[in-house]
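Enquirer: from the sequence below, what's the structure:
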Amino acid sequence: MAAAQLTGARNALIAEHRRRILGGESVQWVVRDAAERAEHAERAFAQVENGLGSYPGPA
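Expert: Alright, predicted model coming up:
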């Protein structure tokens, strides 16, 4: 489940960048904006990490 969450977040970021570039935005602007939005991505990954707690637990 964790892998699916992480993959989904990554794929959403890739799809957004692709959509914007194909829509005519300059690659330089998309890259600059992506760097500014990196904090949002970090929060998404942290939520997955923090939500897992002690997963998978004792063996």
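Enquirer: how far away is residue 18 from residue 1?
Expert: Shown here: residue 18 relative to residue 1, a distance of 26 Å by C-beta to C-beta, to the nearest Å. Where C-beta positions appear, they are placed from N, C-alpha and C, glycine not excepted.
Enquirer: and residue 43, by the same measure?
Expert: From residue 43 across to residue 1, the span is 19 Å (C-beta to C-beta).
Enquirer: quick one: average pLDDT of the helix or strand encompassing residue 7?
Expert: Taking DSSP states H and E as the definition, one finds residue 7 inside helix 2-22. Regarding helix 2-22, the rounded mean pLDDT is 86.
Enquirer: again with stretch 32-41
Expert: For stretch 32-41, the mean pLDDT works out to 81.
Enquirer: can you list contacts of that stretch?
Expert: Contacting residues not belonging to stretch 32-41 are listed as 9, 13, 17 [C-beta atoms under 8 Å, 6 or more residues apart in numbering].
Enquirer: if we use 6 Å, what do you get?
Expert: residue 13 (C-beta atoms under 6 Å, 6 or more residues apart in numbering).
Enquirer: okay, buried residues for stretch 20-28 please.
Expert: Judged by neighbour count using 16 or more other C-beta atoms under 10 Å, the buried positions of stretch 20-28 are residue 20.
Enquirer: renumber starting at 225 from here on
Expert: Happy to do that; since the first residue is 225 now, the last one works out to stretch 244-252.
Enquirer: how about residues contacting it?
Expert: When contacts are defined by C-beta under 6 Å, 6+ apart, stretch 244-252 is touched by residues residue 254.
Enquirer: coming back round to it: so how far is the helix holding residue 231 off the chain centroid?
Expert: 6 Å (C-alpha atoms, centre = their mean, to the nearest Å).
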